[in-house]
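S.K.: Here's a sequence, model it:
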Amino acid sequence: MADSAALLKQQIVDFVAGFSVETTPGAAAKTPDYRELLRPGTLVAVTFLPGSDFADTVATAKRLRDEGFEPAPHLAARSIPSRAAFEDCLKRLEGEVGVTQVVALGGAVTEPHGPFDSSMQLLETGLLDRHGIKTIGVAGHPEGSPDISETALKEALAWKNAFAQRSDASVYIATQFCFEAAPIIAWDKAIQSEGNRLPIHIGVPGLATLKTLINHARACGVGPSMRFLTRQARNVAKLMTVNAPDRLLLDLAHYRASDPDCGIAKAHIYPLGGLKRSAKWTYAVADGAFTLGRDGKGFSVDREID
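M.R.: Predicted coordinates for the structure are as follows:
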């Protein structure tokens, strides 16, 4: 039993090591110094929310670079007003920041502001290769999408795999956060059987109250694993309880280590309850500073988390 527990613990450490994390220009304005929260070299995705000014994305990316991190700005296709504006964005990211990684997404707006309706149209321009982008994240949907049919999702993923073959850049799948491993594992197995060969950076919710997680899940259209939260929410007293993704990480780490066909490469943390708390907890896990539960279904970190 001791050997199996040690093996499982190492699987979790290996899975969490090298995790990436998310931030926004709004969160950056409230963060005095990312170096107080994150370790050097951490990959930090910079979101682009509807109605935002891309100049704020550039400024946040530059600050992250200056503080010793690897910024990966989001490029939201439907929010880009023209091809010229898209190229200008890339020129600024290349020249002012030295960005080599981006996440190309459709974006959370219904009607395109310009000629781009999808991330695939951004990729097809060839401008990312031309402006020094070496790594590209593209969207994946473990629990489907309320706005895109299953057929369209399959076609898009096949297209992205084909694009990766002809691009000079490395391409990976970036997903929305989920709360339960079973839907993720089923999705991974399904897309691998359909020919996906892109590594998956799976979205993991950081520490947050149950109420906060439910609100974010509703806003982002999270699917079946939402039931994991709503079952707990039946007990109103639990709404302000801080939830940790220990069971999710344990299950995914074991799956990744035990299935040679697993496509999940790493964890991407969404700090829904604040970066400081989520980063402290995740670093504790990455350092092995946690204790497995006796039931083998979760774990608790051995450090104090504010």
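S.K.: CA only for contacts and neighbour counts going forward, please
M.R.: Will do.
S.K.: contacting residues for Asp53?
M.R.: Shown in contact with Asp53 (CA atoms under 8 Å, 6 or more residues apart in numbering): no residues.
S.K.: For Pro112, see how far away it is.
M.R.: From Asp53 across to Pro112, the span is 16 Å (CA to CA, to the nearest Å).
S.K.: number of nearby residues for the nearest residue to Leu90 once chain neighbours are set aside?
M.R.: Spatially, and ignoring its direct neighbours in sequence, Leu90 is nearest to His131 (6.4 Å; CA to CA, 6 or more residues apart in numbering). For His131, the neighbour count with other CA atoms under 10 Å is 18.
S.K.: Might you report the residue contacts of His131?
M.R.: Taking CA under 8 Å, 6+ apart, one finds Leu90, Lys91, Glu94 in contact with His131.
S.K.: Take these and lay them out in TSV including distance to Ser170, secondary structure and pLDDT.
M.R.: As requested, the contacts of His131 are exported to TSV (distance: CA to CA, whole Å; DSSP: H, G, I helix; E, B strand; the rest coil; pLDDT from 0 to 100):
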residue	distance to Ser170	secondary structure	pLDDT
Leu90	17	helix	97
Lys91	20	helix	97
Glu94	17	helix	97
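S.K.: that's a helix at Ala61, yeah?
M.R.: Yes. Applying DSSP: H, G, I helix; E, B strand; the rest coil, one finds Ala61 inside a helix.
S.K.: any idea how far Trp187 is from it?
M.R.: 32 Å.
S.K.: more neighbours, the two?
M.R.: Of the pair Ala61 and Trp187, Ala61 is the one with more neighbours under other CA under 10 Å, namely 29 against 17.
S.K.: tell me the contacts of the more buried one?
M.R.: Val46, Pro71, Ala72, Pro73, Val97, Val99.
S.K.: likewise Gly140?
M.R.: Contacts for Gly140 (CA under 8 Å, 6+ apart) come out as Leu157, Ile173, Ala174, Thr175, Gln176.
S.K.: Now do the longest helix along the chain: which elements does it pack against?
M.R.: For the chain, the longest helix by residue count, based on DSSP state H, is helix 150-166. The contact analysis (3 or more CA pairs under 8 Å, 6 or more residues apart in numbering; DSSP states H and E) places helix 150-166 against helix 119-124.
S.K.: Other residues contacting the helix it packs on?
M.R.: Here helix 119-124 has contacts from Ala76, Ala77, Ala104, Leu105, Gly106, Phe116, Val138, Ala156, Trp159, Lys160, using CA under 8 Å, 6+ apart.
S.K.: Most neighbours among the contacts of His131, please name it.
M.R.: Most neighbours among the contacts of His131, by other CA under 10 Å: Leu90, with 22 neighbours.
S.K.: just checking, that one touches Leu128?
M.R.: Yes. Counting by CA atoms under 8 Å, Leu128 is a contact partner of Leu90 at 7.4 Å.
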